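> Output the structure for:
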Amino acid sequence: MKKIENDKRSLLLVSIPLVSLSLTIIGFLNQKPVLTLISAFVSSLFAIISILISRINKLSMQSNYFRQNQALIQSVKKGEYENPFLKEAEDILIKKGSYKAVVNELREALKIEPDNGKAHMRLGALYFVKAVTEGQEDLLNRAKKECIEAQRSFSDKERQVYAKQALGIVISQSGKNNAEAAKILEEAISQKSDMLLSRSDLGLVYLKMGKLKEAKQYFEYDIKKWPSASGPHLYLGNYYEEKKQFFAAIASYKKSLLLDSCRLAHLFSFWRLISCNARVGCIFEALCLCAEFLENTSKHFKLHKKARVLCILLFLEFGWLVIRNEMAKIARYLGKGIFAGPSILLMRYAQESVHDKNLDEALIAYKKATLVEPLFAGNFINLAVLYYQKGQYRKSVQAAKKALPICSRYKNKKLRVIAEEYLKGNK
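Below is the predicted model:
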């Protein structure tokens, strides 16, 4: 049945442009400019739609992307080490269900027993998660109040320290008083140095304060200390984004997803992974991940609306790259091999990275560009130039050698001259 529907659709896409083309010819011969113009417009429109549909069909054909990256998209590992504050809310909601019901239950419990530190911590965690996921900033003040009450109510010193850590996390989330948050978290660490992921929480505050070096040290410390935790990799990805090293950030977010033991960390890692792929010019990857993100998040999640808008923009950009790919083919056969096709966005990111002296980032971008568009000699020449700048002369020569046959095939003399220069340039 699906095959019949596809055949009908294909017949429609072929027949309408043919009819439009016939009308264009008739209008031209009979000197009817309006008919000619309308028919030409319809022909062009359906030609573009046909190209887009043929490419979009590859989205279903290339479902191997998801199969190969199944571990990345799902939580494969359940981490042994979890942030007790954030995990608290998730465990309650999974076991009890409705957010409102659980909050009301905890409030009733606190009326009977106002010094129940555990109930205060749980209520604070619920307020915090609700504030972060749905953007209800007013709940952060309630979460802060509950953490203070929990700290006061606990008689056990270890639990007091965990309440202090939670308080620092809540204050840092608002971004209004990072110095206070840093002070509280530093005190918590001094009281219990082996506390779970406390240095990552402090590192995130330092990152917001612009102390990048200290932040990175804390993230790397927790990665070694708690190898199954996802949070430090998420925060390290944030650090790389601040440094404009987006491919390094992508690697960190992927690790965070593979090690994911906290749904909140999973969602934010997933979102940042989409954003970074879009930023470097990997539009197809970003589009696939964005569709997966929308399928697996609630419409109440504050990033869901942004994801819908981003998905539309990515789809349009993907369509533009498809059209540009067809134009690049024509340009190559006309001997205009300098025209870049779908690798143009990766090239732009590589050039930005070279300007910012992030040569490793530029190298990854140019390598990906050669895979996306292997018949564009310019990508191999850019790679040769970059290897030369890094002092890797043998690799520079190898990249230049790959450019030569492409230049000869499409009779591009300008690029051939440049490639030949780098063939001589090994030291």
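> Give the buried residues for the longest helix seen in the chain.
As assigned by DSSP state H, the longest helix anywhere in the chain is helix 302-333. Buried residues in helix 302-333, counting neighbours by 16 or more other C-beta atoms under 10 Å, are found at 303-304, 307, 310-311, 314-315, 317-319, 321-322, 324-325, 328, 331-332. The way it works is simple: take the backbone N, C-alpha and C, and place the C-beta from them, glycine included.
> what do you get for stretch 332-349?
Buried residues in stretch 332-349 (16+ other C-beta under 10 Å): 332, 337, 339-347, 349.
> how about the CA coordinates for it, as CSV?
What follows is stretch 332-349, C-alpha atoms only, in CSV (Å, rounded to 0.1, in the frame of the first residue of the first chain):
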residue,chain,number,x,y,z
ARG,A,332,32.3,21.8,-11.3
TYR,A,333,31.3,20.6,-14.7
LEU,A,334,31.5,24.2,-16.0
GLY,A,335,35.1,24.4,-14.7
LYS,A,336,34.2,26.7,-11.7
GLY,A,337,35.6,24.4,-9.0
ILE,A,338,36.1,27.2,-6.5
PHE,A,339,32.3,27.1,-5.7
ALA,A,340,31.8,25.2,-2.4
GLY,A,341,28.7,23.1,-1.9
PRO,A,342,27.3,21.5,1.3
SER,A,343,30.7,21.8,3.0
ILE,A,344,30.4,25.6,3.1
LEU,A,345,29.3,25.9,6.7
LEU,A,346,32.1,23.6,8.0
MET,A,347,34.6,25.7,6.0
ARG,A,348,33.3,28.9,7.6
TYR,A,349,33.7,27.4,11.0
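> from the chain's centre, how far out does that stretch sit?
Chain-centre distance of stretch 332-349: 25 Å, with C-alpha atoms, centre = their mean, to the nearest Å.
> Identify all contacting residues around it.
With C-beta atoms under 8 Å, 6 or more residues apart in numbering as the test, stretch 332-349 has contacts from 246, 279-283, 321-322, 324-325, 327-329, 331, 361, 365-366, 368-370, 372-373, 375-379, 382, 406-407, 410-412, 414-415.
> taking the mean pLDDT, what do you get for that stretch?
Averaged over stretch 332-349, pLDDT sits at 82.
> Dump stretch 106-115 to PDB, restricted to CA.
The C-alpha trace of stretch 106-115 is given here as PDB (Å, rounded to 0.1, in the frame of the first residue of the first chain):
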ATOM      1  CA  LEU A 106       5.500  17.000  51.500                       C
ATOM      2  CA  ARG A 107       3.900  20.200  52.700                       C
ATOM      3  CA  GLU A 108       1.300  18.300  54.700                       C
ATOM      4  CA  ALA A 109       4.200  16.300  56.200                       C
ATOM      5  CA  LEU A 110       6.000  19.500  57.200                       C
ATOM      6  CA  LYS A 111       2.900  20.800  58.900                       C
ATOM      7  CA  ILE A 112       3.000  17.800  61.200                       C
ATOM      8  CA  GLU A 113       6.800  17.700  61.500                       C
ATOM      9  CA  PRO A 114       8.300  21.100  60.600                       C
ATOM     10  CA  ASP A 115      11.800  20.000  61.500                       C
END
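> can you pull the buried residues of that stretch?
Buried residues in stretch 106-115, counting neighbours by 16+ other C-beta under 10 Å, are found at 106, 109-110.
> Surely Leu404 and Glu420 touch.
Yes: in this structure, Leu404 is within contact of Glu420 by C-beta atoms under 8 Å, at 7.4 Å.
> circling back: give me the buried subset of the contacts of stretch 332-349.
Counted by 16+ other C-beta under 10 Å, the contacts of stretch 332-349 give 246, 279-283, 321-322, 324-325, 328, 331, 361, 365-366, 368-370, 372-373, 376-379, 382, 406-407, 410, 412, 415 as buried.
> that older thread, and which of the buried residues of stretch 106-115 is nearest Leu123?
Lowest distance from Leu123 to those (C-beta to C-beta) belongs to Leu106, with 4.6 Å.
> Roughly how far does the closest one sit from Gly341?
58 Å (C-beta to C-beta, to the nearest Å).
> Repeat that for Phe376.
From Phe376 over to Gly341 (counting by C-beta to C-beta), the distance is 6 Å.
> Would you mind giving the domain segments of this protein?
2-62, 84-195, 310-427 (automatic domain parsing).
> Put together JSON lines for those, with distance to His266 on each row.
JSON lines is the format used below for the domains of the chain (distance: least, C-beta to C-beta, whole Å):
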{"stretch": "domain 2-62", "distance to His266": "23"}
{"stretch": "domain 84-195", "distance to His266": "11"}
{"stretch": "domain 310-427", "distance to His266": "18"}
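> Leu289: which of those domains is closest?
Per C-beta to C-beta, nearest to Leu289 of the domains of the chain: domain 310-427, 9.5 Å.
> For the closest one, what is the distance to the chain centroid?
Counting by C-alpha atoms, centre = their mean, domain 310-427 is centred 24 Å from the centre of its parent chain.
> Now Asp356, what are its backbone angles?
phi -90, psi 0 (degrees, to the nearest 10).
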